[in-house]
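A.B. asks: turn this into a model:
(chains A and B)
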Amino acid sequence: MEEAEAKYPNNVAIWVWLIALLAAGLLAGYLPFGHYVAVAAIFAIALVKAVLVTRHYMHLRSESLLIYAIGGVPLLLLLTMALLLVPDIVYNR
Amino acid sequence: MSTATATATAAAQPERIASGKLAIWWFLASEIMTFGGLLATFVLCRFANGGWAEESSHVNAQIAAFNTLVLVTSSLTIVQAHHAAEHGDRKKAGTYLLYTVLLGLFFLCVKAYEYSIEIGHGYTPGVSMFWSFYYGMTGLHALHVVGGIVANFALFVAAQREHVWPKVHQRVEYAGLYWHFVDVVWIFLFPLVYLS
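C.D. replies: Numbers count the residues shown, from 1 in each chain, chains lettered A, B, ... in the order given. Predicted structure coming up:
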């Protein structure tokens, strides 16, 4: 029961981190380092938020490799297909 | 086979994943392709069409940021519902499921208000490719939120029935996985459409 009770504060702590990262993402647009640095920072923050949700809320940190494979293979496939399309769509107007 | 050997054999076998959990992850894999494909197409078309800086300046980042707060909070409430269900607290699980449903409905209301402002200013899906993508992506996401609300509400109703709950309590985890996925999609959609 003590172990179960210890889990609850972690969920709230993750939520606090998510809100803090949301605020950081909003403020990143005002960084005095140029547009591309700001955009990179915003997406890096989004990635961290996604990792927090998937690892802690979706309990991926305690899941088997099969679950990782089911979720990870489509991501890799998507990334590959998007990268393959870049020369065609972005540069071939 | 002796008892000790049988016990050792059983312990050596990997833990089986519940079929419901496996099924929801397969479904999420297909959703990764759906949303991922849409978002990736948006990114590529954005690069190909000069960035759409002017069009994207008319979206309301403040409203969307508030909606992000709502959705992230709903992720907290559903994971709390899952933990309550795991530890046999039916009433607490039901309460947190209700909070999740209400937050989801609030998200949709805010989204509808945002749409009304944009449509009122003449920014409809047919105006430009950016706005087609905007309504397509956020609209598809909103439809998924509706689906999640229906599932969570059904579980909330089941949580009110003591004799039904033992048969369905495990589904809170599956509904939670779906809801967190919807949240993760929004986590990427928000900066893509509103901040960049």
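
A.B. asks: every contact and neighbour count from this point should use C-alpha atoms.
C.D. replies: Fine.

A.B. asks: check the secondary structure at B:G88 for me.
C.D. replies: coil (DSSP: H, G, I helix; E, B strand; the rest coil).

A.B. asks: now do it against chain A, distance only.
C.D. replies: Separation of B:G88 from chain A (C-alpha to the nearest C-alpha, to the nearest Å): 11 Å.

A.B. asks: quick one: mean pLDDT for the helix or strand hosting B:E114?
C.D. replies: Per DSSP states H and E: B:E114 is located in helix B:90-120. Helix B:90-120 shows an average pLDDT of 97 in the prediction.

A.B. asks: stretch B:135-154 too?
C.D. replies: pLDDT averaged over stretch B:135-154 gives 98.

A.B. asks: is that stretch positioned near chain A?
C.D. replies: No: Stretch B:135-154 is not in contact with chain A by C-alpha under 8 Å from any C-alpha of the partner chain; minimum separation 15.2 Å.

A.B. asks: in that stretch, what counts as buried?
C.D. replies: Neighbour-count burial for stretch B:135-154 flags B:135, B:137-138, B:141-142, B:144-146, B:148-149, B:151-153 (criterion: 16 or more other C-alpha atoms under 10 Å in any protein chain shown).

A.B. asks: could you dump those to a markdown table with distance to A:Y30?
C.D. replies: As requested, the buried residues of stretch B:135-154 are arranged in a markdown table below (distance: C-alpha to C-alpha, whole Å):
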| residue | distance to A:Y30 |
| --- | --- |
| B:Y135 | 27 |
| B:M137 | 26 |
| B:T138 | 25 |
| B:H141 | 28 |
| B:A142 | 29 |
| B:H144 | 32 |
| B:V145 | 31 |
| B:V146 | 34 |
| B:G148 | 35 |
| B:I149 | 35 |
| B:A151 | 40 |
| B:N152 | 38 |
| B:F153 | 40 |
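
A.B. asks: fine by me, we can end here.
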